[in-house]
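**Q** Here is my input; please provide its structure:
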Amino acid sequence: MWIDKLKLAHIFDVAEGRATPVVAIENMRHRVLGTPLGEVPDGHEVAYFGLGCFWGAEKVFWNVPGVTTTVVGYQGGVTPNPTYREVCTGRTNHAEVVKVVFDPAKVGYADLVRVFFEHHDPTQGMRQGNDRGTQYRSAVFAATPQQLATAQRVRDMLQPELTAAGFGPITTEINDAGEFYPAEDYHQQYLDANPGGYDCHVRTGVACPLPPAGAQRP
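**A** Next comes the predicted model:
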């Protein structure tokens, strides 16, 4: 059954959003990598990760060899084409997310999941450090069933390591990827445009184990 999300917003007091994107990324290029933001080249795949404020999270992934481009945006909520201000109210339920386009011949999906888990604290619930709210939650939004299974497998292998180090249960949301909405242009590659900008990531310092080699790539 098709549901009109704009009508739903009136019922449950969520932000209504809009029918058109807040930014057109089709003609934009990555400030660091020089690649088009709106394209996925043949043979490449897409992954989505939320690990707190997306400014620093995007920088983490654009530095991974094999990553072709990165885009920051909003995912996992109900509001279509939200603005940053709307997401920050908590009335959209979106997480701040990095869309990662990568060449699986150069970097496996499980390796990206490892980078994800090692660059934040996945046990903090709806926050990272002093950043609090639904948009800062730890999340993996899987583009394929294989990605979903791999992310779950890596999470389950990491939990005993975190427990041994004194951390609590992993609170990372691992779900199928819904619609990804690109964030406003000033958020894209923010830390390249603003080298001294805010970059908050609270790491555990715990190394993330990986599945056997045959299970690393979907």
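
**Q** Report the central residue of this structure.
**A** Within the chain, the residue whose C-alpha comes closest to the C-alpha centroid is residue 49; the distance, by Cα atoms, centre = their mean, is 2.3 Å.

**Q** who's in contact with it?
**A** With contact set as Cβ atoms under 8 Å, 6 or more residues apart in numbering, residue 49 has these partners: 57, 61, 97, 98, 100, 112, 116, 139, 140, 141. All C-beta spots, glycine's among them, are computed from the backbone N, C-alpha and C.

**Q** switch to 6 Å and redo it
**A** 98, 116, 140 (Cβ atoms under 6 Å, 6 or more residues apart in numbering).

**Q** so of those residues, which ones are in strands?
**A** Secondary-structure check on the contacts of residue 49 using DSSP state E: residues within strands are 98, 140.

**Q** For the residue nearest to the centre of the chain, what are phi and psi?
**A** When read as degrees, to the nearest 10, the backbone of residue 49 gives phi -140, psi 140.

**Q** can I assume residue 48 sits in a strand?
**A** Yes: with DSSP: H, G, I helix; E, B strand; the rest coil as the criterion, residue 48 is assigned to a strand.

**Q** Which residue, other than its chain neighbours, is closest to it?
**A** Distances taken as Cβ to Cβ, 6 or more residues apart in numbering put residue 141 closest to residue 48, at 4.0 Å, once the chain neighbours are dropped.
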